[in-house]
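A.B. asks: Dropping the sequence and predicted coords here.
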Amino acid sequence: MTNLSGKYILVTGATDGIGKVTARELARMGARVTIVGRNPTKTQAAAAELSAQSPHPVQVLVGDLSIQAEVRRLAAEYRAANPRLDVLVNNAGALFTRRQVSADGIEMTLALNHLNYFLLTHLLLDMLRASTPARIVNVSSAAHVGGRINLQDIQLTRGYSSWGAYSQSKLANVLFTYELARRLDGSGVTVNALHPGFVATRFGRSNGGLFDPLFRLFQVAAITPEQGAETSIYLASSPEVEGVSGRYFDKKKAVSSSALSYQKDTAEQLWALSEALTASVGGQQLPAENGDGLTADEHALPLAHQA
């Protein structure tokens, strides 16, 4: 087991499923772990359970990661409570059976599954750079293979389908990972994406309706949360991937992602669109970028799988 003593790790969507297992195992390795969840009671209960199994208390941040003001607040609270950030695990996500919009007026799947990753990473990037060698782990899915990025209608106002929205968001995770890796090259911060497998959790069942019988059927072949968390834990902790960046992993092995995920021009356009969708919400701007395309001073920002 890797010794993570002295490491500070933030895991989103960590009150159950693979996020909770990821947080538990990293905490058991000695890391000082902070978990993010939406439900205060559930998040506190998860932290208490994990703390009882860990050498250090597991810390709690509570907020709705589909709301950009909440993402900004959570980032500010993490900064105030911790001296560094060695690993960021972007795990929160969901599949919605009906088209919904967030409090910011953004299609919910895009808001939670992609823009949350994009914004939270930006807000904490300078802490990661100050803690090098540091890692960013983005939980994607093999569903990205069927995804298409509709840059003209990324919020799917026409022809919405729940699976189309989900697969688009998972492709966005991989495109974001690859573009961020290019921009972070040589910085000491690595970023990788992964497919956890089809995991036997409540993911996808919270919306009811159409997907309930499908997910009950798929549970037969599903893997456990412990199995699903293995690659996240590996990427967050293993010396074997020290310095490895811009890769997509499945079962702790680097594998090829979809052909569309390697389209650099699409990644750059998605980046610009994501900046536009996160920069103006609430009247706040993302930090200005320096010459290498990386944020220079997130400390100047005003304050403003999700469990």
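C.D. replies: Cool, the structure landed. Numbering: from 1, shown residues only.
A.B. asks: what's the pLDDT at residue 222?
C.D. replies: For residue 222, the pLDDT comes out at 83.
A.B. asks: next one: residue 270
C.D. replies: So, for residue 270, pLDDT stands at 98.
A.B. asks: That one: how many residues sit nearby?
C.D. replies: 21 (other C-beta atoms under 10 Å). The way it works is simple: take the backbone N, C-alpha and C, and place the C-beta from them, glycine included.
A.B. asks: helices or strands next to the longest helix along the chain in the packing?
C.D. replies: Criterion DSSP state H: the longest helix present in the chain is helix 162-184. Here helix 162-184 is seen to pack against helix 108-110, helix 116-130, strand 134-139, strand 189-195, helix 264-279 when contacts are counted using 3 or more C-beta pairs under 8 Å, 6 or more residues apart in numbering; DSSP states H and E.
A.B. asks: could those go into JSON lines alongside distance to residue 9?
C.D. replies: Shown next, in JSON lines, are these (distance: least, C-beta to C-beta, whole Å):
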{"stretch": "helix 108-110", "distance to residue 9": "26"}
{"stretch": "helix 116-130", "distance to residue 9": "11"}
{"stretch": "strand 134-139", "distance to residue 9": "9"}
{"stretch": "strand 189-195", "distance to residue 9": "14"}
{"stretch": "helix 264-279", "distance to residue 9": "24"}
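A.B. asks: now for those, which one comes closest to residue 14?
C.D. replies: strand 134-139 (11.1 Å; C-beta to C-beta).
A.B. asks: That closest one to helix 162-184, inter-axis angle?
C.D. replies: Calculated by axes from the mean of the first three to the mean of the last three C-alpha atoms, to 10 degrees, strand 134-139 forms an angle of 160 degrees with helix 162-184.
A.B. asks: who touches strand 134-139?
C.D. replies: 18, 85-91, 93, 117, 121, 128, 173-174, 176-177, 180, 188-194, 196, 232, 235-236, 305 (C-beta atoms under 8 Å, 6 or more residues apart in numbering).
A.B. asks: Please enumerate the helices of the stretch 1-150 of the chain.
C.D. replies: 17-28, 40-51, 68-81, 108-110, 116-130 (DSSP state H, counting those that start in this stretch).
A.B. asks: in the first one, what's buried?
C.D. replies: Spelled out, it's helix 17-28. Across helix 17-28, burial judged by 16 or more other C-beta atoms under 10 Å covers 17, 18, 19, 20, 21, 22, 23, 24, 25, 26, 27, 28.
A.B. asks: Show me what it packs onto, helices and strands only.
C.D. replies: Partner elements for helix 17-28 (3+ C-beta pairs under 8 Å, 6+ apart): strand 8-12, strand 32-37, helix 40-51, strand 87-90, helix 225-228, helix 230-237.
A.B. asks: for the fourth one, same thing?
C.D. replies: Other elements packing on helix 108-110 under the criterion 3+ C-beta pairs under 8 Å, 6+ apart are helix 162-184.
A.B. asks: buried stuff in the helix it packs on?
C.D. replies: So for helix 162-184, counting by 16+ other C-beta under 10 Å, buried means 162, 164-184.
A.B. asks: Then stretch 30-44?
C.D. replies: 30, 31, 32, 33, 34, 35, 36, 37, 38, 43.
A.B. asks: Equivalent analysis for stretch 188-196, please.
C.D. replies: For stretch 188-196, the neighbour count (16+ other C-beta under 10 Å) marks 189, 190, 191, 192, 193, 194, 195, 196 as buried.
A.B. asks: before we move on, the earlier item: with distance to residue 157 as extra columns, can I get the helices and strands packed on helix 17-28 in CSV?
C.D. replies: CSV is the format used below for the helices and strands packed on helix 17-28 (distance: least, C-beta to C-beta, whole Å):
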stretch, distance to residue 157
strand 8-12, 27
strand 32-37, 29
helix 40-51, 33
strand 87-90, 26
helix 225-228, 33
helix 230-237, 33
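A.B. asks: What part of this protein, helix or strand, is modelled with the least confidence?
C.D. replies: Every helix and strand in the chain was compared by mean pLDDT, DSSP states H and E; the lowest is helix 211-218, with a mean of 52.
A.B. asks: quick one: the most centrally placed residue in the chain from residue 6, how far?
C.D. replies: Closest to where the C-alpha atoms of the chain average out (C-alpha atoms, centre = their mean) is residue 90, at 2.0 Å. As judged by C-beta to C-beta, to the nearest Å, residue 90 and residue 6 stand 22 Å apart.
A.B. asks: thinking again about what came up before, want to throw the helices of the stretch 1-150 of the chain into JSON lines with distance to residue 10 and mean pLDDT?
C.D. replies: Output for the helices of the stretch 1-150 of the chain, formatted as JSON lines (distance: least, C-beta to C-beta, whole Å; pLDDT from 0 to 100):
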{"stretch": "helix 17-28", "distance to residue 10": "9", "mean pLDDT": "98"}
{"stretch": "helix 40-51", "distance to residue 10": "13", "mean pLDDT": "98"}
{"stretch": "helix 68-81", "distance to residue 10": "6", "mean pLDDT": "98"}
{"stretch": "helix 108-110", "distance to residue 10": "22", "mean pLDDT": "98"}
{"stretch": "helix 116-130", "distance to residue 10": "7", "mean pLDDT": "98"}
